[in-house]
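J.: let's see this in three dimensions:
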Amino acid sequence: MKNIKKLTLLHSNDMHGDFHSEKLEGKTIGGVSHLSGYVKKIREKSKNSIYCISGDMLQGSLIDSEYRGISTIEIMNYLSPDVVSLGNHEIDYGLGHLLLLERCAKFPIVNANLFIKSPYTRLFKSHEFLHIDGMKIMFIGIITNEVLSPLKKDNVLGSLVDVEEAAREVGKISNAYKTVDIDLTVLLTHIGFEEDKKLASLLDPEWGIDLIIGGHSHTILDKPECVNDILIVQAGVGTNQIGKFELNIDTDTNTIDSYEWELVPIDANHCPADSEIEQVVRKFKDVTDAKYDRVMCTMKKKLTHPDRYRETELGNLMCDIIKDSLQLDIVMLGSGSIRKKEAGPILTLSDFRELMPYEEKLYQLKIKGSDFKKMYKYMLREEALTGNHTEFYQYSHGLAVEYDSKKKKFNHFNFLGKKMEDDTIYKVGMQGFHYTNFDEFFGLSVEEIIKNAKPVVVATSINDILEEYLAVTKDIDANVEERLVVL
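T.: Take a look at the predicted model:
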């Protein structure tokens with residue numbers, strides 16, 4: 001006879017400071033108050049329950065950026081997850097600050113592969129054991145290789161850079177605890193759904209990995225993916241939903257005997273509000289409202305940024321302001337740096353800070369037309385066109401590009417109404433994050449590019465440029481103009 005024990009496993013990822021509920025078609029959805037109320041309800045209903053978060057608690061909210069994540073950690077302390085792994089945005093405020101945030105956290109943070117190179121020292125616990133109803137459950141944290149991006153020029157810190165190395169690290173940890181009777185082993189990853197599938201295929205079944213709870217790609221699923229007998233899930237982005245496993249665990253064989261999984265909507269209809277966490281959020285919101293809740297500008301209409309993998313109204317607006325203000329030929333902004341799907345027609349300073357939370361330098365590079373076309377084509381590789389969380393860019397006015405994705409060629413590539421010339425050098429502006437990671441993001445060696453001229457910092461903050469323009473300009477508008485057409 002099987003010895004079966006039940007476990008309810010709740011999971012979130014990529015919450016990005018999504019603290020507030022919103023009204024949609026007359027229904028109140030999302031927000032940490034209703035999320036916390038649901039988690040508490042499940043904990044009261046089931047003594048065998050765990051709540052975990054798979055990276056990127058930080059960024060995306062003015063409450064977060066104003067307090068450099070300390071506010072988020074305090075809110076998360078009230079939400080009280082049982083275990084959390086790191087995402088790439090946890091390092092946005094710097095490694096030293098991340099270690100400070102860990103000290104403020106009243107929950108364990110796991111990561112197996114962020115380390116000091118010499119002497120080799122992990123910066124966080126690689127794993128955490130949770131003990132519930134006689135079961136021993138192991139969580140291992142694995143982060144995306146994008147964590148290397150802000151640390152690329154750091155000679156002290158390192159991380160595992162691909163799924164093959166990550167798989168070996170998982171095996172090393174699993175082998176080190178082979179003598180421990182572990183009933184369930186869960187990887188909390190932040191590498192994206194497609195990479196999760198690759199990772200699962202590389203794991204030795206003898207290591208006993210049962211689940212991968214992922215993040216980073218903001219994937220919504222109808223059911224878990226199963227690769228190499230490992231179940232893989234994600235819960236989208238924000239607090240509008242939460243993943244829920246009902247697991248029956250065979251504690252004799254340390255395997256999942258059966259399971260049910262669903263993506264549960266967080267709304268006021270079946271998720272009670274948590275008044276304590278509401279008060280904590282309100283404390284921070286009152287401060288940010290007093291400081292930033294003033295009208296910055298008005299727009300002719302609501303402008304949108306519904307998808308990072310295509311030209312958008314907000315992307316065009318931001319690029320055009322910077323291009324015209326700095327008199328550059330071309331400005332390219334990372335689509336992911338625009339953090340809201342819509343803005344206006346009334347834009348407050350608070351709205352703007354949440355829309356563009358990253359205070360970044362702008363570099364001017366002088367790039368030959370032939371090299372710029374190569375960079376553009378690299379952006380349009382298959383991974384990006386299928387929405388696989390790669391870098392994608394918004395471009396300023398003057399460009400008109402049509403790309404045939406099947407034939408993998410440009411039908412036309414025009415600048416200011418004429419064919420872009422291969423030997424002409426153009427003044428191109430890009431954010432510091434993207435310049436620092438030029439080789440990785442554009443598929444070209446930065447050494448070849450900077451032979452044309454030394455890169456110059458033309459603005460220490462793109463937000464200063466945007467704020468000044470928006471504050472003094474009336475009837476702001478932008479449209480999608482077929483600067484990029486993908487066939």
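
J.: show me the helices in the stretch 301-450 of the chain, by range?
T.: Counting by DSSP state H, counting those that start in this stretch, residue ranges of the helices within the stretch 301-450 of the chain are 313-326, 349-355, 369-379, 382-385, 432-436, 438-442, 446-449.

J.: how about those helices in JSON lines, adding mean neighbour count, distance to residue 299 and mean pLDDT?
T.: C-beta here means a position set from N, CA and C on the backbone, and glycine is covered the same way. Conversion of these to JSON lines gives the following (neighbours: other Cβ atoms under 10 Å; distance: least, Cβ to Cβ, whole Å; pLDDT from 0 to 100):
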{"stretch": "helix 313-326", "mean neighbour count": "22", "distance to residue 299": "9", "mean pLDDT": "97"}
{"stretch": "helix 349-355", "mean neighbour count": "21", "distance to residue 299": "11", "mean pLDDT": "93"}
{"stretch": "helix 369-379", "mean neighbour count": "18", "distance to residue 299": "28", "mean pLDDT": "95"}
{"stretch": "helix 382-385", "mean neighbour count": "14", "distance to residue 299": "29", "mean pLDDT": "83"}
{"stretch": "helix 432-436", "mean neighbour count": "20", "distance to residue 299": "27", "mean pLDDT": "91"}
{"stretch": "helix 438-442", "mean neighbour count": "19", "distance to residue 299": "30", "mean pLDDT": "90"}
{"stretch": "helix 446-449", "mean neighbour count": "15", "distance to residue 299": "36", "mean pLDDT": "91"}
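
J.: tell me how many other residues surround the nearest residue to residue 252 once chain neighbours are set aside.
T.: With sequence-adjacent residues excluded and distances taken as Cβ to Cβ, 6 or more residues apart in numbering, residue 252 is closest to residue 3, at 4.9 Å. A total of 11 residues lie near residue 3 under the criterion other Cβ atoms under 10 Å.

J.: cool, and the one 4 residues further on?
T.: When neighbours are counted by other Cβ under 10 Å, residue 7 registers 22.

J.: my guess is the residue nearest to residue 252 contacts residue 251. True?
T.: Yes. Contact status for residue 3 versus residue 251: in contact at 4.9 Å, counting by Cβ atoms under 8 Å.

J.: for residue 55, give its distance to residue 11.
T.: 11 Å (Cβ to Cβ, to the nearest Å).

J.: tell me which of those two has more neighbours.
T.: Between residue 55 and residue 11, counted using other Cβ under 10 Å, residue 55 has the larger neighbour count: 31 against 24.

J.: distance of the more buried one relative to residue 93?
T.: Going from residue 55 to residue 93 by Cβ to Cβ gives 15 Å.

J.: picking up where we left off before, quick one: which of the helices of the stretch 301-450 of the chain is nearest residue 222?
T.: helix 382-385 (22.2 Å; Cβ to Cβ).

J.: distance between that closest one and the chain's centre?
T.: Averaging C-alpha positions (Cα atoms, centre = their mean, to the nearest Å) puts helix 382-385 17 Å from its chain's average.

J.: who's in contact with it?
T.: Contacts with helix 382-385, where a contact means Cβ atoms under 8 Å, 6 or more residues apart in numbering, come from 194, 309, 390, 391, 392, 405, 486.

J.: which ones among those residues lie within strands?
T.: residue 486 (DSSP state E).

J.: report the buried members of the contacts of helix 382-385.
T.: When burial is judged by neighbour count using 16 or more other Cβ atoms under 10 Å, the buried members of those are 194, 309, 390, 391, 392.

J.: the first one reaches residue 388, doesn't it?
T.: Meaning residue 194. Yes. Counting by Cβ under 8 Å, a contact exists between residue 194 and residue 388, whose distance comes to 5.5 Å.

J.: need the residues touching each of those two.
T.: Contact criterion Cβ under 8 Å, 6+ apart; residues bridging residue 194 and residue 388 by contacting each: residue 217.

J.: can you give me the helices in the stretch 51-200 of the chain?
T.: Assigned by DSSP H, counting those that start in this stretch, the helices in the stretch 51-200 of the chain fall at 62-66, 70-79, 95-104, 163-176, 193-202.

J.: other SSEs contacting the shortest one?
T.: The one in question is helix 62-66. Judged by 3 or more Cβ pairs under 8 Å, 6 or more residues apart in numbering; DSSP states H and E, the packing partners of helix 62-66 are helix 70-79, helix 275-292, helix 349-355.

J.: name the residues of the first one that come out as buried.
T.: By neighbour count with 16+ other Cβ under 10 Å, helix 70-79 contains the buried residues 70, 71, 72, 73, 74, 75, 76, 78, 79.

J.: adding distance to residue 271 and pLDDT, write those residues out as a markdown table.
T.: Shown next, in a markdown table, are the buried residues of helix 70-79 (distance: Cβ to Cβ, whole Å; pLDDT from 0 to 100):
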| residue | distance to residue 271 | pLDDT |
| --- | --- | --- |
| 70 | 26 | 97 |
| 71 | 22 | 97 |
| 72 | 20 | 97 |
| 73 | 23 | 97 |
| 74 | 21 | 97 |
| 75 | 17 | 97 |
| 76 | 18 | 97 |
| 78 | 16 | 97 |
| 79 | 13 | 97 |
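
J.: can I get those residues in JSON lines including distance to residue 112?
T.: Conversion of the buried residues of helix 70-79 to JSON lines gives the following (distance: Cβ to Cβ, whole Å):
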{"residue": "70", "distance to residue 112": "25"}
{"residue": "71", "distance to residue 112": "28"}
{"residue": "72", "distance to residue 112": "23"}
{"residue": "73", "distance to residue 112": "21"}
{"residue": "74", "distance to residue 112": "26"}
{"residue": "75", "distance to residue 112": "26"}
{"residue": "76", "distance to residue 112": "21"}
{"residue": "78", "distance to residue 112": "27"}
{"residue": "79", "distance to residue 112": "24"}
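
J.: residues in contact with residue 7?
T.: Applying Cβ under 8 Å, 6+ apart to residue 7 gives the contacts 48, 49, 50, 132, 135, 137, 184, 245, 246, 247, 249.

J.: same thing but at 6 Å, please
T.: Contact analysis of residue 7 by Cβ atoms under 6 Å, 6 or more residues apart in numbering lists 48, 247, 249.

J.: ditto for residue 126
T.: Residue 126 sits next to 112, 173 when contact means Cβ under 6 Å, 6+ apart.

J.: burial count for residue 200?
T.: Neighbours of residue 200 using other Cβ under 10 Å come to 24.

J.: which residues sit in contact with residue 86?
T.: Applying Cβ under 6 Å, 6+ apart as the definition, the contact partners of residue 86 turn out to be 55, 111, 143.

J.: same thing but 7 Å
T.: 55, 109, 111, 114, 141, 143, 190 (Cβ atoms under 7 Å, 6 or more residues apart in numbering).

J.: sort those residues by pLDDT and name the bottom one.
T.: Of all the contacts of residue 86, residue 114 has the smallest pLDDT value, namely 79.

J.: related to what we said a few turns ago, residue 433: which of the contacts of helix 382-385 is nearest?
T.: Using Cβ to Cβ, residue 391 is the member of the contacts of helix 382-385 that lies nearest residue 433, at 9.6 Å.

J.: good, wrapping up.
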